[in-house]
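Asks: Whatever this is, show me its structure:
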Amino acid sequence: MHRAPALAFATLVLSWLCAAPSQSAQDDSAELYRRHCAACHGAERLGGKGPALLPENLSRLPKGEAERVIAQGRAATHMPGFAGTLTALEIARLADYVYAPPRVQPVWGENEIDASRIVHRPPQSLPPAPVHRADPLNLFVVVETGDHHATILDGDRFEPIVRFSTRFALHGGPKFSPDGRFVYFASRDGWISKYDLYGLSWVAEVRAGINTRNLALSSDGRYVMVANYLPHTLVVLDAQDLRLLKVIPVQDGKGRSSRVSAVYDAAPRRSFVAALKDLKQIWEIPYAENTAAVYRGLVHDYRMGEALAEQEPFPVRVTELDDYLDDFFFDPSYAYVIGASRDGSRAQVVNLDVRRKIADLDLPGLPHLGSGIAWTRAGRPVLATPNLKQALVSVIDMGSWKVVKQIETLGPGFFLRSHEGTRYAWVDVFFGPHRDALHVIDKESLEIVATLRPAPGKTAAHVEFTRDGGYALVSVWENDGALVVYDAERLQEVKRLPMNKPSGKYNVYNKITRSTGTSH
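Replies: Residues are numbered from 1 along each chain as shown. Sure thing, here's the model as predicted:
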């Protein structure tokens, strides 16, 4: 009478043994990795000459594509193909191995950060003036992710000055020193790199994390703040030589930790502002030396001494939220943060001074607020943002926090850009079937006045303007892509430069003056 339960139990055990890789199979996969991958990607899969091979770092690469890369290699990199060395089963095992969490969670703290730092050029060895003839404030830094290079482009003649290799998979957009001389890059593998736009050389590098979202540079040019997914930290570096100043664990009062979605500099506030992926909080971290006392959490009455102010540099001011805040946008005063909700049904407006949400926005299309821009229309400040799930550009009045208009487009968009010197805003339709199109929108009438196709059949995205707004540079976002220069008034092409998947381009002047038409 015990036969049926026993049979069911045996069936369950058999199914588990068939579904789960055996210890022997796991050991075999680890040995395959040690023999064929560890020399470039590190014994602990943390990266080396090649990128880190951890689930967090591979989240954007489908496993089937990873198997193809293992078999065939990757063009323009050191990655060889193993199809002639490994069987299809061994390649599949390797892919399973690198997509599985490691048995021991990797550590990347103060010791590891300090040990990783590289100084390429001491400050005293840098040239006093540019070694090129281009206007140093009208340079573009073009990130070419197709083969992990960057190009420094003369923004007057639209000619490359130099092209150089970068760390693997730059992410989050480069940031410039206040005088425009230095540019700082962040890679997904956590490498922070400083480059001299006068001498056209690397200055210093440090690995601030294992999986990094982006970096921010303080408005006084003294500090670099790094937002990490892995480990759950914010890292503060000295901007001069990338020395480590502080590691801030990202956790709440109950010990729950979080990845950091993004960190940005709020220049008028002299602080960094960070959005958290796994906690319903937003953090503000002052960097000014004479900042007011900062208390973690809320204080009933500070005069009664019911809490102790943080004594160390870079204190954290926590604002509790009703919802997670993944992606956000500052209003021009930097007093308000507009953040998208995770489910894409709405957005929330948070006042950083009173430290609470003051309004909800009905934006169901999952706005990409990190690519939002602002301008003054009919005497009122407006915010416009593309949406990642709906074919709309949302225009919001930042006085009433009401939607002014939903502009229908050919597909969901990724980037929206403009400039104070032009009457137009440009938006792509990156996620739709017509991804080769760009819409040009009149900022007063809020009507689409032109639709351009820089390369029919190929993805067009990410517009950036010259310092005077006279020309718009567009990316053909393909490995056999190009940078296409348009007259921003006549909307006519004036030049085309072949490039390898130019994912973004960044004008020095527009960035350091915090043009409302571009990202900060």
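Asks: What score does Ala25 have for pLDDT?
Replies: Listed pLDDT for Ala25 reads 58.
Asks: all helices of the chain, in order?
Replies: For the chain, the helices defined by DSSP state H cover 3-19, 23-36, 38-41, 63-72, 88-99, 110-116, 508-512.
Asks: in the shortest one, what's buried?
Replies: Read that as helix 38-41. For helix 38-41, burial by neighbour count (16 or more other C-beta atoms under 10 Å) applies to 38, 40-41. All C-beta spots, glycine's among them, are computed from the backbone N, C-alpha and C.
Asks: what are the ranges of the strands in the stretch 401-520 of the chain?
Replies: 402-408, 416-417, 424-428, 438-442, 448-452, 460-465, 471-476, 481-487, 492-499, 502-507 (DSSP state E, counting those that start in this stretch).
Asks: for these, which one sits closest to Ile358?
Replies: strand 402-408 (13.5 Å; C-beta to C-beta).
Asks: Quick one: distance of that closest one to the chain centre.
Replies: Centroid separation between strand 402-408 and its chain, computed with C-alpha atoms, centre = their mean, to the nearest Å, is 27 Å.
Asks: before we move on, the earlier item: just send the strands of the stretch 401-520 of the chain back as CSV, with distance to Leu244 too.
Replies: What follows is those, written out as CSV (distance: least, C-beta to C-beta, whole Å):
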stretch, distance to Leu244
strand 402-408, 44
strand 416-417, 34
strand 424-428, 38
strand 438-442, 42
strand 448-452, 46
strand 460-465, 32
strand 471-476, 34
strand 481-487, 36
strand 492-499, 35
strand 502-507, 26
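Asks: got JSON lines for these, with mean pLDDT, mean neighbour count and distance to Ala340 too?
Replies: JSON lines is the format used below for the strands of the stretch 401-520 of the chain (pLDDT from 0 to 100; neighbours: other C-beta atoms under 10 Å; distance: least, C-beta to C-beta, whole Å):
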{"stretch": "strand 402-408", "mean pLDDT": "95", "mean neighbour count": "15", "distance to Ala340": "14"}
{"stretch": "strand 416-417", "mean pLDDT": "97", "mean neighbour count": "24", "distance to Ala340": "14"}
{"stretch": "strand 424-428", "mean pLDDT": "98", "mean neighbour count": "26", "distance to Ala340": "17"}
{"stretch": "strand 438-442", "mean pLDDT": "98", "mean neighbour count": "22", "distance to Ala340": "21"}
{"stretch": "strand 448-452", "mean pLDDT": "98", "mean neighbour count": "14", "distance to Ala340": "23"}
{"stretch": "strand 460-465", "mean pLDDT": "97", "mean neighbour count": "26", "distance to Ala340": "19"}
{"stretch": "strand 471-476", "mean pLDDT": "98", "mean neighbour count": "25", "distance to Ala340": "24"}
{"stretch": "strand 481-487", "mean pLDDT": "98", "mean neighbour count": "21", "distance to Ala340": "28"}
{"stretch": "strand 492-499", "mean pLDDT": "98", "mean neighbour count": "15", "distance to Ala340": "31"}
{"stretch": "strand 502-507", "mean pLDDT": "96", "mean neighbour count": "24", "distance to Ala340": "20"}
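Asks: Nearest residue to the middle of the protein?
Replies: Gly172 (2.3 Å; C-alpha atoms, centre = their mean).
Asks: That one contacts Ser187, correct?
Replies: No: counting by C-beta atoms under 8 Å, Gly172 does not reach Ser187; the two are 9.1 Å apart.
Asks: Give the full set of residues in contact with the closest residue to Ala425 other than its chain neighbours.
Replies: Excluding the flanking residues, the one nearest Ala425 by C-beta to C-beta, 6 or more residues apart in numbering is Ser418, at 4.1 Å. Going by C-beta atoms under 8 Å, 6 or more residues apart in numbering, Ser418 touches 373, 375, 424-426, 443, 465, 516-518.
Asks: try 6 Å this time
Replies: By C-beta atoms under 6 Å, 6 or more residues apart in numbering, the residues touching Ser418 are 373, 425, 517.
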